[in-house]
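K.L.:
give me a 3D structure for the following:
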Amino acid sequence: MPIHPTAIIDPRACVAESCKIGPYCIVGPDVELGEGCHLVSNVHIEGPTRIGKNVKVFPFTSLGMAPQDMSYAGEPTRLEVGDNNEIREFVSINRGTVRGRGVTRVGSHVLIMAYTHIAHDCEIGDHVILANAATLGGHVTVEEWAVVGALCPVHQFVRIGAHSYIGGGTTITRDVLPFSKSAAARDTHAYGINAVGLERRGFSKERVQKIHHAYRVLLASKLNTSQALEKLKAEPDSGEDVAMLIRFIEASERGVIK
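P.N.:
Residues are numbered from 1 along each chain as shown. Now for the predicted structure:
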């Protein structure tokens, strides 16, 4: 295991033999690094933190630090990171809080670009992209394949739906619908579906058409949200994607961006 002589590895850390740890990295107690991890340099990881296989972490990143929450009193909460992720420069990811889930989770195949912050108790799904300086408040959920643009602040407790796309510089204070494109001119709105992203992920034309129809009912009809949902529920053969969209809206506590 190549470890630079300036790196500090606590003897209570569990580091796989195939890991590569560069200059000035600090790996604290109760940290677990899976096979093939690479800490480039100046990376600081505190535990309890578990990082999966083949995760590359770039300079000046802080992982598993105490949550930025006034109620936190040193309880043994944790951070869990999946496999095959890329975590770029100056990223910060905090552990969970007892008042929340007790754990912050990041899935697999996730790209976290420079200066991104993931606060306590967040839940990040697989294949997510968080662009430069995306800032997630506590308890945020980002579902699989979502893209959060650069310089986007996301309010605590917000949910970002699967396969959605948020344009850069958009302030998010309500839940983001699955499959949607959202951006801010003056106010933040959903602008139809993320058709390009869905096609890239292998969605058939029929699936995309059904999602597009659901969005026309939600966004372009004269129905309010409750009426639109009832109409969609009554339509036969709408498919699982539309059913997921309906469930997402019905479970929303903060309201959704339309």
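
K.L.:
which non-adjacent residue is nearest Gly28?
P.N.:
In space, and not counting its chain neighbours, Gly28 is closest to Glu46: 4.5 Å by C-beta to C-beta, 6 or more residues apart in numbering. To be clear about C-beta, it is placed using only N, CA and C from the backbone, and glycine gets the same treatment.

K.L.:
number of residues surrounding the one you found?
P.N.:
20 (other C-beta atoms under 10 Å).

K.L.:
what's the answer for the one 4 residues further on, then?
P.N.:
Applying the criterion other C-beta under 10 Å, we find 19 residues in the vicinity of Arg50.

K.L.:
could you say which helix or strand holds it?
P.N.:
strand 49-51 (DSSP states H and E).

K.L.:
over to Ala214?
P.N.:
In this structure, Ala214 sits in helix 205-215 according to DSSP H and E.

K.L.:
mind listing what Asn94 touches?
P.N.:
Gly64, Met65, Ala66, Pro67, Gln68, Leu79, Thr104, Ile118, Ala119, His120 (C-beta atoms under 8 Å, 6 or more residues apart in numbering).

K.L.:
reformat those as a markdown table; add pLDDT and distance to Leu177.
P.N.:
Converted to a markdown table, these look like this (pLDDT from 0 to 100; distance: C-beta to C-beta, whole Å):
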| residue | pLDDT | distance to Leu177 |
| --- | --- | --- |
| Gly64 | 97 | 32 |
| Met65 | 97 | 32 |
| Ala66 | 96 | 33 |
| Pro67 | 96 | 28 |
| Gln68 | 96 | 29 |
| Leu79 | 98 | 28 |
| Thr104 | 98 | 24 |
| Ile118 | 98 | 22 |
| Ala119 | 98 | 22 |
| His120 | 97 | 25 |
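
K.L.:
which among those residues end up buried?
P.N.:
Neighbour counting with 16 or more other C-beta atoms under 10 Å marks Gly64, Met65, Pro67, Leu79, Thr104, Ile118, Ala119, His120 as buried within the contacts of Asn94.

K.L.:
hang on, isn't the second one packed against Gly96?
P.N.:
Read that as Met65. No. Assessed by C-beta atoms under 8 Å, Met65 is found out of contact with Gly96, at 11.8 Å.

K.L.:
burial of Ala114, as a residue count?
P.N.:
17.

K.L.:
which residues are in contact with it?
P.N.:
By C-beta under 8 Å, 6+ apart, the neighbours of Ala114 are Phe58, Arg88, Glu89, Phe90, Val91, Asn132, Ala133.
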